[in-house]
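Student: Could you work out the structure for the sequence below:
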Amino acid sequence: MERKAVVVGATGLVGGYVVRELLVQKEYSRVMVVGRRPLEIKHPKLEQANIDWEQPQKTASAFEGADDVFCCLGTTMKKAGSKEQFRRVDLDYPVLTARLGKEAGAGQMLAISSMGANPNSRVFYNRTKGEAEEALAAVGLPALHLFRPSLILGARPERRAGEAAAAVVMKALDGMMTGKLAPYRAIPASVIARAMVRIALAQANGVHIYPNDIIRVIGAELASDEEEAGAGMRPDNNV
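Tutor: Just a heads-up that it's a prediction; the model follows:
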């Protein structure tokens, strides 16, 4: 059965890899990217639609016929500029995405959360992520898959100095992070994306949470993945 995927947050690091993964999967005949700016890639399966988060219903038609909704939205406090704007991007917009998906009849949503997500946390970031998870579950989609990665590795479209410095440290310590420290190892964005697509294809109902170490296992690279990774993609894309 041919499937349609909708990806929100495709211009970000993980979202870009999710789009790449979806485009090489034979199960998906349509990949709809919904965002505020278009991707500069070309592919026969790829469709794009602009969204105004103040009037999201105007983009409802982009979700029609969707089987799987991927939400890869996320920002930083520095980029957001305020706690209110941070909550808009990391909580309000994902919930709006879930509602559009449910109204369109989508069977499942797969969303990026964060290690430490907890609605009762004293840390604003973790509390917001936990509240977002609760709000997404309350939307009532048949299936909700929440991914809680540690520090995400990869070349971002925008520079995040703090994360870049942390990534250097985490890479240096990676070999020493064993035992109880293993779940905290930094994780490549490509591994997260691969895990998300594989979980989507498994089509399991209910609410599921995937911690960092489990994401690593699910998204482990297979021998055939390297051959498929660039199939049909323009080499000059900057997803």
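
Student: ok, and what's touching the host helix or strand of residue 47?
Tutor: For residue 47, the host element (DSSP states H and E) is strand 46-50. Defining contact as C-beta atoms under 8 Å, 6 or more residues apart in numbering, one finds that strand 46-50 is touched by 19, 23, 30-39, 59, 61-62. Every C-beta, even on glycine, is put in place using the N, C-alpha and C of the backbone.

Student: try 10 Å
Tutor: 4, 6-7, 10, 19, 22-23, 30-39, 41, 58-63, 232-233 (C-beta atoms under 10 Å, 6 or more residues apart in numbering).

Student: Filter those residues down to just the buried residues.
Tutor: Buried by 16 or more other C-beta atoms under 10 Å: 4, 6-7, 10, 19, 22-23, 30-35, 39, 41, 59, 62-63, 233, out of those.

Student: Nearest residue to the middle of the protein?
Tutor: residue 72 (2.9 Å; C-alpha atoms, centre = their mean).

Student: Run through the residues that contact it.
Tutor: Contact analysis of residue 72 by C-beta under 10 Å, 6+ apart lists 7-19, 94, 110-112, 147, 189, 192-193, 196.

Student: Angles on the backbone of it, please.
Tutor: phi -120, psi 30 (degrees, to the nearest 10).

Student: Now do the same for the nearest residue to residue 143 once chain neighbours are set aside: its pLDDT.
Tutor: Computed as C-beta to C-beta, 6 or more residues apart in numbering, the closest residue to residue 143 that is not its neighbour in sequence is residue 108, at 3.5 Å. Residue 108 carries a pLDDT value of 98.

Student: Off-centre distance for the helix ranked longest in the chain?
Tutor: What stands out as the longest helix in the chain, according to DSSP state H, is helix 124-139. Its chain's C-alpha centre and that of helix 124-139 lie 15 Å apart, by C-alpha atoms, centre = their mean, to the nearest Å.

Student: mind checking how far the residue nearest to the centre of the chain is from residue 121?
Tutor: 22 Å (C-beta to C-beta, to the nearest Å).

Student: Neighbouring strands - and their directions - for whichever strand in the chain runs longest?
Tutor: Ranked by number of residues, the top strand in the chain under DSSP state E is strand 28-35. With DSSP bridges as the test, strand 28-35 is paired with strand 3-8 (parallel), strand 46-50 (parallel).

Student: Ends of stretch 192-210, what's the gap?
Tutor: End-to-end span of stretch 192-210 (C-alpha to C-alpha, to the nearest Å): 10 Å.

Student: from the chain's centre, how far out does that stretch sit?
Tutor: 11 Å.

Student: tell me which residues in that stretch are buried?
Tutor: 192, 193, 194, 195, 196, 197, 199, 200, 208, 210.

Student: Let me know the helix or strand that the fifth one is in.
Tutor: Which is residue 196. Assigned by DSSP H and E, residue 196 belongs to helix 189-202.

Student: try residue 21
Tutor: helix 13-23.

Student: circling back: average pLDDT across the strand holding residue 47?
Tutor: Mean predicted lDDT for strand 46-50 stands at 98.

Student: do the same with stretch 16-24
Tutor: Rounded mean pLDDT across stretch 16-24 is 97.

Student: so what's residue 5 bridging to?
Tutor: residue 31, residue 68.

Student: who are the neighbours in contact with it?
Tutor: Here residue 5 is in contact with 18-19, 21-23, 25, 27-33, 45, 66-70, 106, 110, 197, 200 (C-beta under 10 Å, 6+ apart).
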